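> after the sequence you'll find the predicted model.
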Amino acid sequence: MRHSIHSPSLISIEDLHKSFPMGDGRIPALRGVSATINRGDYVAVMGRSGSGKSTLMNILGCLDTPTAGRYALDGRSVGDLTDDEQAFIRNRMIGFVFQAFNLLPRMDALHNVELPLLYRGMDSRERRWRSMEAMEAVGVSDRARHRPNEMSGGQRQRVAIARALVGEPSIILADEPTGNLDSGTGEEIMAIFDRLNQEGHTIVLVTHEAHVARHCRRIIRLRDGVIEEDRPIV
């Protein structure tokens, strides 16, 4: 499946709505959200619990679908894609970083980082060197043979970032990436995101912490499922 490499924007969402069934009715999570994210952007999505920020992140990551509206990723309408094509996008174009790290506990760090490439059917030798390269880029190549329970929280999040990077995605989506870390370690993780953005990576992160959002160059603030603020950070 090809995707356009000349799209003016990487992400374009128009009038997105999302609601969830509850009892005999439905509860709205997003109510007409529109925004554009260009290549190289560094965006913080903020809002209180229940504002819709995690719902929006799940839609951007092709983990969920909107009830109404349009989402175009790199010029392709995601709503027109088959399940297999959406799975392809998740593996090839999107790198995920989660608050809880989401590392497989029985695998060492290297094999966790290799997973996206394994799903592509990549040769084991190439998988290995690309994964080690990604781990070196975030400072955990010396933990390659350690399992998650043998690493600190900061080291685990670095491994998770390496896993997100290894497939050379178009965009990195990070959901509360410092939420399980102390403030000092959180700053170290944000310094990695800062550097990645300076190197050209497009990053969208969900956070409720102002000091984390200040690392970004733009804030999209949600309230009750609508955008109440979308501004650059000066």
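Yep, it's here.
> now for the residue most central in space within the chain: which residues touch it?
Averaging the C-alpha coordinates of the chain gives a centre point, and the residue nearest to it by Cα atoms, centre = their mean is L173 (1.2 Å). With Cβ atoms under 8 Å, 6 or more residues apart in numbering as the criterion, the residues that contact L173 are 57, 60-61, 94-97, 204-205. (Each C-beta comes from the backbone N, C-alpha and C, glycine too.)
> redo that, cut-off 10 Å
When contacts are counted by Cβ atoms under 10 Å, 6 or more residues apart in numbering, L173 touches 45, 57-58, 60-63, 94-98, 164, 202-206.
> can you tell me which of these are buried?
Burial by neighbour count, 16 or more other Cβ atoms under 10 Å: within these this picks out 45, 57-58, 60-62, 94-98, 164, 202-206.
> tell me which other helices or strands the lengthiest helix in the chain touches.
As far as residue count goes, and with DSSP state H defining each element, the longest helix of the chain is helix 183-198. For helix 183-198, the helices and strands in contact under the criterion 3 or more Cβ pairs under 10 Å, 6 or more residues apart in numbering; DSSP states H and E are strand 42-46, strand 94-98, helix 124-137, helix 153-165, strand 171-175, strand 202-206, helix 210-213.
> output these in JSON lines; the columns should cover mean pLDDT and distance to F20.
Rendered in JSON lines, the data for those read as follows (pLDDT from 0 to 100; distance: least, Cβ to Cβ, whole Å):
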{"stretch": "strand 42-46", "mean pLDDT": "97", "distance to F20": "19"}
{"stretch": "strand 94-98", "mean pLDDT": "94", "distance to F20": "21"}
{"stretch": "helix 124-137", "mean pLDDT": "95", "distance to F20": "36"}
{"stretch": "helix 153-165", "mean pLDDT": "96", "distance to F20": "27"}
{"stretch": "strand 171-175", "mean pLDDT": "96", "distance to F20": "18"}
{"stretch": "strand 202-206", "mean pLDDT": "96", "distance to F20": "18"}
{"stretch": "helix 210-213", "mean pLDDT": "94", "distance to F20": "26"}
